[in-house]
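# Mind looking at a prediction? Sequence and model below.
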There are 2 protein chains.
Amino acid sequence: MKFTAEINVMPQKALLDPQGKTVSANLKNIGLDALTNVRIGKHFTLDVEAADQAAAEALVKEACEKLLINPVMEAFEFEVKGA
Amino acid sequence: MKFTAEINVMPQKALLDPQGKTVSANLKNIGLDALTNVRIGKHFTLDVEAADQAAAEALVKEACEKLLINPVMEAFEFEVKGA
């Protein structure tokens, strides 16, 4: 069966996110000071071929842990849906 | 009222995503060839101070269009939730 996965990878909450801080400052500069506390990470979408939802989720988790994220710096969450 | 927004910014579907292609190839190399068609974009989270949900959504849309995305290269989608 075909599934699609969406993965969000964000800097760990305890870490500074200088890119996010810069965007927060720029939002203020253009008058959008109602928007604060910006944090910036990565978003992955991919297709998964697996027997069932649980197998698809296991594959995506393995990919995150082996390749996509750096667990010291980043946290991830993902969602797998039937395609 | 306080809201939180999650924004996904992805390369336009019509454009090649070389970073995604590289990750797809690497997944195959480590035996995860059930995962294909990887595309990589950015994920933003931020806080919004606004009178109501509609006002918060309007602010987030404005921020995307004025600062966060390049409409020639990227498409965005976002979700605003009560905090």
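Cool, got the structure. Residues are numbered from 1 along each chain as shown, chains lettered A, B, ... in the order given.
# looking at chain A, which residue lies furthest from center?
A:Gly31 (27.7 Å; Cα atoms, centre = their mean).
# and the closest residue to chain B within chain A, bridged to which residues?
Here chain A gets closest to chain B at one residue, A:His43, 4.0 Å apart by Cβ to the nearest Cβ. Glycine gets a C-beta too; all of them are placed from N, C-alpha and C. Going by DSSP bridges, A:His43 is paired in beta bridges with A:Asn8, B:Gly41.
# so it makes contact with B:Val38?
No: when contacts are counted by Cβ atoms under 8 Å, A:His43 is not listed as touching B:Val38 (11.2 Å).
# which residues touch the residue of chain A closest to chain B?
A:6-9, B:8-10, B:40-43 (Cβ atoms under 8 Å, 6 or more residues apart in numbering or on different chains).
# And A:Val38, by the same measure?
By Cβ under 8 Å, 6+ apart, the neighbours of A:Val38 are A:17, A:20-21, A:23-24, A:27, B:44-46.
# can I get the CA coordinates of the helix or strand harbouring A:Ala55 in CSV?
Assigned by DSSP states H and E, A:Ala55 belongs to helix A:53-63. Included here for helix A:53-63 are C-alpha records, laid out as CSV according to Å, rounded to 0.1, in the frame of the first residue of the first chain:
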residue,chain,number,x,y,z
GLN,A,53,0.1,1.9,8.6
ALA,A,54,2.2,0.6,11.4
ALA,A,55,4.9,-0.7,9.0
ALA,A,56,4.9,2.7,7.2
GLU,A,57,5.3,4.5,10.5
ALA,A,58,8.2,2.3,11.5
LEU,A,59,10.0,3.0,8.2
VAL,A,60,9.6,6.7,8.6
LYS,A,61,10.8,6.7,12.2
GLU,A,62,13.9,4.7,11.1
ALA,A,63,14.6,7.2,8.3
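# how about the residues of chain A that lie near chain B?
Chain A has residues A:5, A:8-10, A:20, A:23-24, A:26-27, A:30, A:32, A:34-50, A:59-60, A:62-63, A:66-68 near chain B, with proximity defined as Cβ under 8 Å from any Cβ of the partner chain.
# ok, of those, which come out buried?
Buried members of the residues of chain A next to chain B, scored by 16 or more other Cβ atoms under 10 Å in any protein chain shown, are A:5, A:8-10, A:20, A:23-24, A:27, A:32, A:34-35, A:38-48, A:50, A:59-60, A:62-63, A:68.
# Is the residue nearest to A:Glu62 when sequence neighbours are not counted in a helix, a strand, or coil?
Nearest non-adjacent residue to A:Glu62, counting by Cβ to Cβ, 6 or more residues apart in numbering or on different chains: B:Leu32, 6.6 Å away. For B:Leu32, the secondary-structure state derived from DSSP: H, G, I helix; E, B strand; the rest coil is coil.
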